[in-house]
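> Could you work out the structure for the sequence below:
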Amino acid sequence: MKRRHWLGLAGRAGMAALLPGCASVSTQEINPSATDRLGGVGYGIWKNGRWIGGRNPNGRMPSLSITKALAALALVRAVGEGWIELDKPLVNIIPEWRTDARKRQITARMLVNQTAGFPSGVAALYRGRIQDKGRIAIALPLSNPPGTRFCYGPASDEILAEVLRRHLGEHGSSTEDLLRDLMGKIGLSSPNWRKDLAGKFYLSTGAEFSVRELGRLGQIVGKLSTGENAAGLKAEIFLDLASPRSANPMVAAGIWWNRNAAGSGAFSIEPERNIDAVRPPTFWSRACFSPNIDRGWLAMVGSGGKRVYVLPSHDLVVARLDHSSSWNDGAFLRAITA
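Okay, the predicted model is just below:
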């Protein structure tokens, strides 16, 4: 009998007893039958760092915007090494901005949180054969004052890639070397990665991970979220970067958080259907996956229902790969924890 079918037959009531070493798993934490039904082309569940069920764990496909979370961890590493400061303007690294009073205000935190004021940059950075994505990204005009609006797209992450490239290049290294080293510490590999014609990795998208590797990424983020250093990354810096900001408290450090769920007037949204419009901070201050689930859930989000869900307080990770065109995070999390 296949493991995933056995998990479904075991059901919620018998799961803790049937899985050796997993007695701490409760019916309130995970519903394996629902997870299997909604698990896409591949999924995995980890509790306390241990695999407890899934399907096609070595299945691999482009993880798309989950790459943004890895980019944020690269920044955590850079800050920890003293290369960059989260809230120091980047104009000394990007001197092309010196003549623009607004761009002179832009910081690394704004780039990772996608509140630097740039438009999405999709057409400029994704369409056609791009020779030098960094040069194009830093030249994009601002559409909002820095720090005031959340605008989702590749622009900010590709500027971050250029910031890292310029700093690391002065020391004989590269953004790609930093990413490979970081991935090695986490236990990730991406044989294929989207690049521009100069061979530079995209940081807004482009990594290709398996279900099992996404689980490892989720476990590292879970540890950092509870204040534990992991993979050579300092939790203190991660938590600073992940702290909510007024432009969009739901998104920080390349991650979507359910923390607004406990607030007055909280309402459910699906990230993939709310990233094209530039919405005011009042919208984002009440948006969440669902007010009817634990506010501690966070998610790394990739288009088509590619997800890494983490509930740090329960050391629980659920990773999922799929091509879904109508995914709903709140519905999924409610189903698997029912």
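> Doesn't Leu197 lie inside a strand?
No. With DSSP: H, G, I helix; E, B strand; the rest coil as the criterion, Leu197 is located in coil rather than a strand.
> Could you give the number of residues near it?
Counted with other Cβ atoms under 10 Å, the neighbours of Leu197 add up to 10. The way it works is simple: take the backbone N, C-alpha and C, and place the C-beta from them, glycine included.
> Could you count how many residues lie near Glu270?
15.
> dump the residue contacts of it.
Contacts for Glu270 (Cβ atoms under 8 Å, 6 or more residues apart in numbering) come out as 327-330.
> at 6 Å instead, please
Neighbour list for Glu270: Asn328 [criterion: Cβ atoms under 6 Å, 6 or more residues apart in numbering].
> Give me the pLDDT value at it.
Glu270 is assigned 96 on the pLDDT scale.
> Next: Gly14.
We have a pLDDT of 31 for Gly14.
> for Asp322, same thing?
96.
> Could you do Ala10 as well?
On pLDDT, Ala10 comes in at 32.
> Same check on His5?
34.
> what residue ranges in the stretch 51-200 of the chain score low on pLDDT?
By pLDDT under 70, the stretch 51-200 of the chain contains no weakly predicted segment.
> Do a quick rundown of the strands in it.
Along the stretch 51-200 of the chain, the stretches classed as strands by DSSP state E, counting those that start in this stretch are 60-62.
> so what's the backbone phi/psi at Leu224?
Leu224 adopts backbone torsions of phi -60, psi -40, taken as degrees, to the nearest 10.
> Pretty sure it sits against Ile237.
No. In this structure, Leu224 is not within contact of Ile237 by Cβ atoms under 6 Å, at 8.9 Å.
> Compare these two and say which is more crowded by neighbours.
Applying other Cβ under 10 Å to Leu224 and Ile237 shows that Leu224 carries more neighbours, namely 26 against 19.
> gap between the closest residue to that one other than its chain neighbours and Val221?
Excluding the flanking residues, the one nearest Leu224 by Cβ to Cβ, 6 or more residues apart in numbering is Phe238, at 4.1 Å. Counting by Cβ to Cβ, to the nearest Å, the gap from Phe238 to Val221 is 8 Å.
> can you check Pro62 too?
Relative to Val221, Pro62 is positioned 20 Å away (Cβ to Cβ).
> Repeat that for Gly187.
13 Å.
> of these two, who's got more company?
The residue with more neighbours, out of Gly187 and Val221, is Val221; 30 against 14, by other Cβ under 10 Å.
> right, and the helix or strand after the helix or strand harbouring Leu217?
Using DSSP states H and E, Leu217 sits in helix 211-225. Heading C-terminal from helix 211-225, the first helix or strand you meet, by DSSP H and E, is helix 235-242.
> Just the residues contacting that next one, thanks.
Identification of contacts with helix 235-242 by Cβ under 6 Å, 6+ apart yields 76, 79-80, 224, 227-229, 252-253.
> Could you identify the buried members of those residues?
Buried by 16 or more other Cβ atoms under 10 Å: 76, 79-80, 224, 252-253, out of the contacts of helix 235-242.
> which pair in the residues you listed spans the largest distance?
Maximum pairwise distance in the buried ones among the contacts of helix 235-242, criterion Cβ to Cβ, is 17.4 Å, between Gly80 and Ala252.
> what sits against Asn248?
Counting by Cβ under 6 Å, 6+ apart, Asn248 makes contact with 150, 284.
> For it, grab phi and psi.
Per degrees, to the nearest 10, the backbone of Asn248 is at phi -160, psi 90.
> Now do it against Val310, distance only.
Asn248 is 19 Å from Val310, by Cβ to Cβ.
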